[in-house]
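Visitor: Predicted structure and sequence below. I'll ask about it afterward.
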Amino acid sequence: MEIITERVLAEAWQRTAGRHPLLAEVGPPPVVRAEAELEEWAERAEEEIAETGEESGALCLLLDEDGTVHGHHDPYLEDFATRDLDQLLYLIAEAGVRRRGGSPEEVADALGRIDPGWGRRFRGGGLDDPGTVEPCGRDPLDGLAWIARSWRDQSPYTTLAFYRAAPGHTVDAEQLALLYGAEPGQVAAGTRLKDLRAVDDGRAHGDRQWKSCCFGLAGEWTFLLHHETPPGAFADKEAYAALGIKESVHLEATSAKAIYTFDHVRDGRRVDDDRGLLELIWYEPGRAPYPRGGELDFLNRAVRRAELDHPELTDSFELYFHALEQSLGLRLPRRDFEEGEVRAAYWAEK
C-alpha cells in the first residue's frame, strides 16, 4: 500500500477532481503535521463562523509520518483515521459535496454521479460499498421513535434503559424492577400504568409519577423507564449478576440543560470509541455522528439509512431513535403505553 504524503494526496486528488465537474470546486482540505497546527486551523475556522454566522463544515487532515491520515471537523474529535488512499479520496469528496448543501438524498445522488460506488457507499453510511440496500418499508414511528419527542421534555420518563441477556435468554423484567427498588406488592400484583392513574382521578399519580417506573419486555430487550433512581438500588450485587445482563443502553434526558445522552455497555465495557458519555444534541443530518470505521459505525450506517428511507422525519431525535431500533432492536410497546397496559410501580417507601 502506498504511503500517503502531502504530494501523493495532492496528485491523487487532482486526478480525481479532474474526472468530474462536480469536484471542480472542491479543493483538497488543509493538511497539518501537528496538534498545534490543528488547533490554529480550528481558531481560524471559529473566526470565519463569527464573521459569517454559519458553520463552515470544513475538514482538516492531520498527517502522521507513517502515512496515517486523521480527519477532523473539530480539533478535539477525530472523524476518521485511514492509511487507504482510495478511502481518503472518498471521504474528502463526501465532505466537500456535503459542504455545498442539500439533503442526504441530494448528496447521495451527487456522489453517485461522480462514482456509482461512492453513491452506494454514502447510502450505506459506512466506508465500504454495501451493494444494493433494501429500503426500510416500515412506519418509522412504530417501534421506538414514537417516544423521542416527548422524551426530550422528560416525558413520560427521564431515563429509557434497556437490558439484553445472552442469545436465547432474557432479563427478567420483574426482578430488574425490584432490584431498582420497585414496590414488591405492586410488582407481585401485576400493577399496570392505568391502575396507578385510576387512583383519585389521576391526581395521586401526578404527585408521585416522579417516583414511579414502567417495565417490560420488547423483543430481545427488557426495558425499565424511570426518573430518579432510589437510594440503595442494586444493593444486592449477586442478584443483579444473576439476571445475566450482557448489554445495556441508557438514554438520559435533562431538558432544562438541553443535555441528552446515549450510553451503550456490552460485556462490561462501554461502547463509545473512547469518547465517554455521548451527547445527542449535536447530531447533524448528513454527517456521520461517530468516527468512521469505529465501534459505533453500526450506528453511522443506521442513521444514514433512517435519513434516506424517511425524509418525512424532520426531528433528528426521531431519526436517531429509529436508527437505534434498526441497529440494536430497541423497541417500546406504544399501544401498551397509550392504553396504560404497560407494567408499572412506584418505588418502595424506605
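Guide: Structure's in. What do you need?
Visitor: and residue 164, that one's in a strand?
Guide: Yes: judged by DSSP: H, G, I helix; E, B strand; the rest coil, residue 164 forms part of a strand.
Visitor: Cross-check the contact I'm expecting between it and residue 244.
Guide: No: counting by C-beta atoms under 8 Å, residue 164 stays clear of residue 244, with 9.5 Å between them. Heads up, the C-betas are built off the backbone N, CA and C, glycines and all.
Visitor: Mutual contacts of the two, please.
Guide: Taking C-beta atoms under 8 Å, 6 or more residues apart in numbering as the criterion, residue 164 and residue 244 both touch residue 171.
Visitor: Look at these two and report which has more neighbours.
Guide: Using other C-beta atoms under 10 Å, the more surrounded residue of residue 164 and residue 244 is residue 164, with 22 against 14.
Visitor: Chain neighbours aside, what residue packs nearest to the more buried one?
Guide: residue 247 (4.4 Å; C-beta to C-beta, 6 or more residues apart in numbering).
Visitor: Can you list the strands that the stretch of helix or strand residue 223 belongs to pairs with?
Guide: Taking DSSP states H and E as the definition, residue 223 sits inside strand 221-226. Strand 221-226 sits in its sheet next to strand 159-165 (antiparallel), strand 212-218 (antiparallel), going by DSSP bridges.
Visitor: Give me the next element, helix or strand, following the first one.
Guide: Put plainly, it is strand 159-165. helix 173-180.
Visitor: Now do that next one: everything it contacts.
Guide: 163, 184, 187, 213, 215-217, 222-224, 226, 229-230, 233-234, 236, 239-240, 243, 343, 345, 347.
Visitor: Show the buried residues in those residues.
Guide: 163, 187, 213, 215-217, 222-224, 226, 229-230, 240, 243, 343, 345, 347 (16 or more other C-beta atoms under 10 Å).
Visitor: can you pull up the bridge partners for the residue nearest to residue 164?
Guide: The partner residues for residue 247, given DSSP bridges, come to residue 164, residue 266.
Visitor: The chain should start at 51 in everything you say after this.
Guide: Okay, residue one is now 51; in that scheme the one you just asked about reads as residue 297.
Visitor: ok, now which ones touch it?
Guide: 213, 214, 314, 315, 316, 317.
Visitor: Show the pLDDT at residue 100.
Guide: If you check residue 100, the pLDDT there is 66.
Visitor: on that earlier part again, Throw the strands paired with strand 271-276 into TSV and include distance to residue 58, thanks.
Guide: Formatted as TSV, the strands paired with strand 271-276 follow (distance: least, C-beta to C-beta, whole Å):
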stretch	distance to residue 58
strand 209-215	45
strand 262-268	51
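Visitor: re earlier: next one: the residue nearest to residue 214 relative to residue 398, how far apart?
Guide: When distance is defined by C-beta to C-beta, to the nearest Å, residue 297 is 27 Å away from residue 398.
Visitor: What are the buried residues along stretch 124-137?
Guide: With burial defined by 16+ other C-beta under 10 Å, the residues of stretch 124-137 counted as buried are 125, 128, 129, 130, 132, 134, 135, 137.
Visitor: where does the residue nearest to the second one when sequence neighbours are not counted fall, helix, sheet strand or coil?
Guide: Nearest residue to residue 128, sequence neighbours excluded (C-beta to C-beta, 6+ apart): residue 120, at 5.3 Å. Assigned by three-state DSSP, the conformation of residue 120 is strand.
Visitor: quick one: residue 120 from residue 347, how far?
Guide: As judged by C-beta to C-beta, residue 120 and residue 347 stand 16 Å apart.
Visitor: Confirm for me that residue 258 is in contact with residue 396.
Guide: Yes: using C-beta under 8 Å, residue 258 is in contact with residue 396, at 5.8 Å.
Visitor: joint contacts of those two?
Guide: Joint contacts of residue 258 and residue 396 (C-beta under 8 Å, 6+ apart) are residue 246.
Visitor: For the two, indicate the residue with more neighbours.
Guide: Neighbours per residue, other C-beta under 10 Å: of residue 258 and residue 396, the larger number sits with residue 396, 20 against 13.
Visitor: My guess is the more buried one contacts residue 261. True?
Guide: Yes: counting by C-beta under 8 Å, residue 396 touches residue 261, with 5.7 Å between them.
Visitor: Mean pLDDT per helix and strand in the protein: which one sits at the bottom?
Guide: None of the helices or strands of the chain scores lower by mean pLDDT, DSSP states H and E than helix 253-258, at a mean of 70.
Visitor: Adjacent strands (with direction) for the helix or strand hosting residue 123?
Guide: Here residue 123 is covered by strand 119-124, with elements defined by DSSP H and E. When pairing is defined by DSSP bridges, strand 119-124 lines up against strand 110-113 (antiparallel), strand 127-132 (antiparallel).
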